[in-house]
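Colleague: Here you go, sequence then predicted model.
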Amino acid sequence: MIDEIQVQLRRKARLRELIELRCDGSIAQMARDIGIAESYLGRMLYAPGKPNGRSVADKMMLKIEGFYDLPRGWLDLPTETQITINSGGRFVAKVEDGPASRSEIRWPFKLAQYQRILQLRKNLGTVLGAKAIAEMDEHLDIILAKWERTAERNERARAS
């Protein structure tokens, strides 16, 4: 069983990783994104037990994961966890065995790059960014439905 110090060490490591991946290493950017003081976020990164440090509480973890569209519990996953996106557009975590494991996001698109979409959302701001993502989601769903119908027809043709 993992004790609270181990939970906090893992959450803090994943939080640092997230700051690098989604905020270009900027604590200030993440603090703005999630609506907390930069100093508070900085204290969450302190080692457990350090004076004036803050833990990454469950409520804060859910807030961070929600803003960055991460699966619930992402901050608690081991660093050797791979994050992929399933056919339903949801993130899926898979822990790989062995020393070659690493945490990564597998994105199948070449033109619509994930980082590009995140940057657009950031540049548009909270309200317009959410509208843009929702519109992209609707269009992608239409295209997915088209290809799912094609796959079903192919499957029926193979079966007959």
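Modeller: Good, I have the coordinates.
Colleague: Please enumerate the helices of the protein.
Modeller: Counting by DSSP state H, the chain has helices at residues 4-23, 27-34, 38-44, 58-67, 114-159.
Colleague: between the ones you listed, which one is nearest to residue 78?
Modeller: Closest approach to residue 78 among those (CB to CB): helix 4-23, 7.1 Å. Just so you know, the C-beta spots here come from the backbone N, C-alpha and C atoms, and that holds for glycine as well.
Colleague: how far is that closest one from where the chain is centred?
Modeller: 12 Å (CA atoms, centre = their mean, to the nearest Å).
Colleague: Tell me which other helices or strands that helix touches.
Modeller: Applying 3 or more CB pairs under 8 Å, 6 or more residues apart in numbering; DSSP states H and E, we find helix 4-23 packed against helix 27-34, helix 58-67.
Colleague: Low-confidence regions, this structure specifically.
Modeller: 1-2, 79-107 (pLDDT under 70).
Colleague: run the last query once more with 80
Modeller: 1-2, 71-72, 78-110, 112-115, 118, 126 (pLDDT under 80).
Colleague: before we move on, the earlier item: to residue 6, which of the helices and strands packed on helix 4-23 lies closest?
Modeller: Closest approach to residue 6 among these (CB to CB): helix 58-67, 14.8 Å.
Colleague: Name the residue closest to the centre of the protein, please.
Modeller: The residue lying closest to the centre of the chain (CA atoms, centre = their mean) is residue 70, at 3.2 Å.
Colleague: And that residue, how far from residue 117?
Modeller: Applying CB to CB, to the nearest Å, the value for residue 70 to residue 117 is 14 Å.
Colleague: ok so, going back, of all the helices and strands packed on helix 4-23, which one is nearest residue 122?
Modeller: helix 27-34 (7.7 Å).
Colleague: list the buried ones in the closest one?
Modeller: 27, 30-31, 33 (16 or more other CB atoms under 10 Å).
Colleague: Mind giving me the packing neighbours of that helix?
Modeller: Packed against helix 27-34 by the contact rule (3+ CB pairs under 8 Å, 6+ apart) you find helix 4-23, helix 38-44, helix 58-67.
Colleague: Residues touching the shortest one, excluding its own?
Modeller: Under the criterion CB atoms under 8 Å, 6 or more residues apart in numbering, residues 12, 15, 27-28, 30-31, 34, 52-56, 60 lie in contact with helix 38-44.
Colleague: Over to the last one?
Modeller: Defining contact as CB under 8 Å, 6+ apart, one finds that helix 58-67 is touched by 11, 15, 18, 30, 33-34, 36, 44, 56, 70-76.
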